[in-house]
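**Q** Here is a sequence together with a model predicted from it:
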Amino acid sequence: MTELARTPLHGLHVELGAKMVPFAGYDMPVQYPMGVLKEHLHTRAAAGLFDVSHMGQVILSGPSWEAVALAFEALVPMDVMGLEDGRQRYGLFTNDAGGIEDDLMFARRGDDLFVVVNAACKAEDVARMRAGLPDEISVTELTDRALIALQGPKAAAVIEDQDSRAAEMRFMDVADLALCGHAVWASRSGYTGEDGFEISVAADEAETLVRSLLTHHGVAPIGLGARDSLRLEAGLCLYGHDIDAMTGPVEAGLTWSVQKIRRASGARAGGFPGADVVLEAFASGVTRKRVGLRPEGRAPMREGVQLFDAQEGGAQIGAVTSGGFGPTVEGPVAMGYVTTKHAEVGTRIWGEVRGKRLAVDVAALPFVPANFKR
Amino acid sequence: MKFTEEHEWLREEDGLMVVGITTHAAEQLGDVVFVELPDEGTTVSKDDEVVVIESVKAASDILAPVDGEIVEVNAALTDNPGMVNEDPQGEAWFFKMSVSDASQMDEFMDEAGYQKFIA
């Protein structure tokens, strides 16, 4: 077994009493002494601080913004050219079959594009960008930067207290801020459904910054366990589970992320990997869709639970891709794929748990209303 | 109180065996969010899966520690699974069972033995 990598905050996690687990090749905190349930509720009520330094941070540079944006549009079905300076978008790397290779965030920083990708995919993503972008576009992985997230209704007050410019930021804005004396790249976004910030900071300054942030009233460190239940309640996909190389943007319910300009009859339609397949899915529909699932009883329906159209007999119509207990919902919540015929909100289906078919209803996502600053 | 290698505790009470999970097990499981109890009157054999426990992290089982019959279950756990974390070795007992073969009790550890087992 290869040795696990460590983020610049590893020592602090251990000091704070975190339970460390392997995740995407890193030794990461799954929970702190507070525990997953309380960490989840704390984030929705106050502010949770997450170490997401395992994620990949990449800068794309070129002769001009237009050159960088147009080149990147060859890899993603998003409107990159139309991104204003200081704004961020959600994106997808697609493959030739129209499946999703990874999901990502990309932000315009002047003429550069700042890309954040999933930890488990980052080596492949960097290789994909190096291979798929012209020589004039440089691809620089920022291995000397940490990434943290401060999420929850009290996050803004903490950040604004340090830098009043943060008050001007809306959801998906990015800006350079000075936090506790550290120059950071902040974006008003996150993975919890709450208002908050993701903050890129020099690796050797990360621990000092985090220690300062943790002294603020209402800020607590939050592990990967609560990160997962928070994003699940927020209806956000986890790559490798809710979306993968065999899943396209249309069946994944991510059509909103593909701007009209990249769709059929758009000014820059297609031109990304698998465009024919993806655009055909837009035109003709898909046979299965990602849906929210709300089990009737208290039993969680976890990833892999098979879904049926009848309590007895019937046919398998899908499977759960993410599921567990939603602390804010105070009950089990899940996401999964079902045949389009069963994808309408309110449809009663059954999930097989330990040999028993339990009732579950197709539900609207998110389970918890988003609390973004628009 | 006796302890099993599956991190259950057993306490004798009015001729029945009261069964729960240890504080150590509850800590390892994390926040318990779902408990499924057996029907009272069920006849069980040692190592039958009798209780399902789901925490925020994963599902696990409690096995019948000995042969016997489930006489009573702690229905309060169904509505308030969090009791398992709050008071695992007290209020949050799972079931009371009769014991068919008392010699099956001989293999279990005492408190000191269990502490050594988990150390």
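**A** Right, received. Where do you want to start?
**Q** On the strand side of things, show who the residue most central in space within chain B bridges to.
**A** Central residue of chain B (C-alpha atoms, centre = their mean): B:G20, 2.9 Å from the mean position. For B:G20, the beta-bridge partners under DSSP bridges are B:W9.
**Q** close enough to count as contact, it and B:Q89?
**A** Yes: at 6.3 Å, B:G20 and B:Q89 qualify as touching, with contact defined as C-beta atoms under 8 Å. Glycine gets a C-beta too; all of them are placed from N, C-alpha and C.
**Q** who touches the residue nearest to the centre of chain B in this structure?
**A** B:E8, B:W9, B:P88, B:Q89, B:A92, B:W93, B:F94 (C-beta atoms under 8 Å, 6 or more residues apart in numbering or on different chains).
**Q** please redo it, this time with the cut-off set to 10 Å
**A** B:1, B:7-11, B:26, B:51, B:62, B:74, B:77, B:84, B:87-95 (C-beta atoms under 10 Å, 6 or more residues apart in numbering or on different chains).
**Q** same thing with A:A220?
**A** By C-beta under 10 Å, 6+ apart, the contact list for A:A220 reads A:16, A:32, A:34, A:38-39, A:42-43, A:46-49, A:152, A:214.
**Q** quick revisit: which neighbours do B:G20 and B:Q89 share?
**A** What both B:G20 and B:Q89 touch, as defined by C-beta under 10 Å, 6+ apart, is the set B:M1, B:W9, B:R11, B:A26.
**Q** Among the residues you listed, which lie within helices?
**A** Counted as lying in helices by DSSP state H, out of the shared contacts of B:G20 and B:Q89, are B:A26.
**Q** could you flag which of the shared contacts of B:G20 and B:Q89 are buried?
**A** The neighbour count (16 or more other C-beta atoms under 10 Å in any protein chain shown) marks B:W9, B:A26 as buried among the shared contacts of B:G20 and B:Q89.
**Q** With respect to B:A58, which of the shared contacts of B:G20 and B:Q89 is nearest?
**A** Checking these against B:A58 by C-beta to C-beta gives B:A26 as the nearest, at 13.6 Å.
**Q** could you pull out the strands for chain B?
**A** Listed in chain order, the strands of chain B (DSSP state E) span residues B:2-3, B:8-13, B:16-21, B:32-36, B:43-44, B:49-55, B:59-63, B:68-73, B:95-99.
**Q** wait, which of the ones you listed is closest to A:A364?
**A** Nearest of these (C-beta to C-beta): strand B:32-36, 22.3 Å.
**Q** count of neighbours near the closest residue to B:V51 other than its chain neighbours?
**A** Of all residues not flanking B:V51 in the chain, B:I62 sits nearest, at 3.8 Å (C-beta to C-beta, 6 or more residues apart in numbering or on different chains). Other residues near B:I62 come to 24 when the count uses other C-beta atoms under 10 Å in any protein chain shown.
**Q** same deal with A:V305?
**A** By other C-beta under 10 Å, the residues close to A:V305 number 24.
**Q** give the contact list for the nearest residue to it once chain neighbours are set aside.
**A** Among residues not flanking A:V305 along the chain, A:V320 sits closest, at 4.2 Å (C-beta to C-beta, 6+ apart). Going by C-beta under 10 Å, 6+ apart, A:V320 touches A:241-242, A:293, A:295, A:300-307, A:334-338, A:351-353, A:360.
**Q** re the thing from before, redo the strands of chain B as TSV? Include mean pLDDT and distance to A:M105.
**A** Formatted as TSV, these follow (pLDDT from 0 to 100; distance: least, C-beta to C-beta, whole Å):
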stretch	mean pLDDT	distance to A:M105
strand B:2-3	96	49
strand B:8-13	96	46
strand B:16-21	97	42
strand B:32-36	96	31
strand B:43-44	97	52
strand B:49-55	95	31
strand B:59-63	93	33
strand B:68-73	97	49
strand B:95-99	97	49
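**Q** For A:V58, find the nearest of those.
**A** Nearest to A:V58, of the strands of chain B and by C-beta to C-beta, is strand B:49-55 at 36.3 Å.
**Q** Packing partners of that closest one?
**A** Contact here means 3 or more C-beta pairs under 10 Å, 6 or more residues apart in numbering or on different chains; DSSP states H and E; on that basis strand B:49-55 packs against strand A:316-326, strand B:16-21, helix B:23-29, strand B:32-36, strand B:59-63, strand B:68-73, helix B:83-86, strand B:95-99.
**Q** Relative to A:N371, which of the ones you listed is closest?
**A** strand A:316-326 (15.3 Å).
**Q** Mind exporting the C-alpha coordinates of that closest one to PDB?
**A** Presented in PDB, the C-alpha positions along strand A:316-326 are these (Å, rounded to 0.1, in the frame of the first residue of the first chain):
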ATOM      1  CA  GLN A 316     -35.900  -3.200 -10.900                       C
ATOM      2  CA  ILE A 317     -36.100   0.400 -12.100                       C
ATOM      3  CA  GLY A 318     -32.900   1.800 -10.600                       C
ATOM      4  CA  ALA A 319     -30.500   2.000  -7.700                       C
ATOM      5  CA  VAL A 320     -29.400   4.400  -4.900                       C
ATOM      6  CA  THR A 321     -26.100   6.100  -5.600                       C
ATOM      7  CA  SER A 322     -25.800   8.100  -2.300                       C
ATOM      8  CA  GLY A 323     -27.900   7.600   0.800                       C
ATOM      9  CA  GLY A 324     -27.900   8.000   4.500                       C
ATOM     10  CA  PHE A 325     -29.400   9.900   7.400                       C
ATOM     11  CA  GLY A 326     -30.100  13.600   6.900                       C
END
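**Q** What values do phi and psi take at A:R130?
**A** Per-residue torsions, A:R130: phi -60, psi -40 (degrees, to the nearest 10).
**Q** ok, it touching A:A71?
**A** No: here A:R130 lies out of contact with A:A71, judged by C-beta atoms under 10 Å, at a distance of 11.8 Å.
**Q** tell me, what's touching these two both at once?
**A** Shared contacts of A:R130 and A:A71 (C-beta under 10 Å, 6+ apart): A:I137.
**Q** returning to that earlier point: could you export the helices and strands packed on strand B:49-55 to CSV, including columns for distance to A:G218?
**A** Output for the helices and strands packed on strand B:49-55, formatted as CSV (distance: least, C-beta to C-beta, whole Å):
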stretch, distance to A:G218
strand A:316-326, 22
strand B:16-21, 34
helix B:23-29, 26
strand B:32-36, 25
strand B:59-63, 33
strand B:68-73, 41
helix B:83-86, 24
strand B:95-99, 41
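**Q** looking at the ones you listed, which is closest to A:T255?
**A** Closest approach to A:T255 among those (C-beta to C-beta): strand A:316-326, 17.9 Å.
**Q** downstream neighbour of that closest one in the secondary structure list?
**A** Downstream of strand A:316-326, the first helix or strand assigned by DSSP states H and E is strand A:331-339.
**Q** sorry, back to before: most tightly surrounded among the strands of chain B?
**A** strand B:32-36 (a mean of 24; mean count of other C-beta atoms under 10 Å in any protein chain shown).
**Q** Now do that strand and strand B:49-55, the angle between them.
**A** 160 degrees (axes from the mean of the first three to the mean of the last three C-alpha atoms, to 10 degrees).
**Q** Neighbouring strands of strand B:32-36 in the sheet, and parallel or not?
**A** According to DSSP bridges, strand B:32-36 forms sheet pairs with strand B:49-55 (antiparallel).
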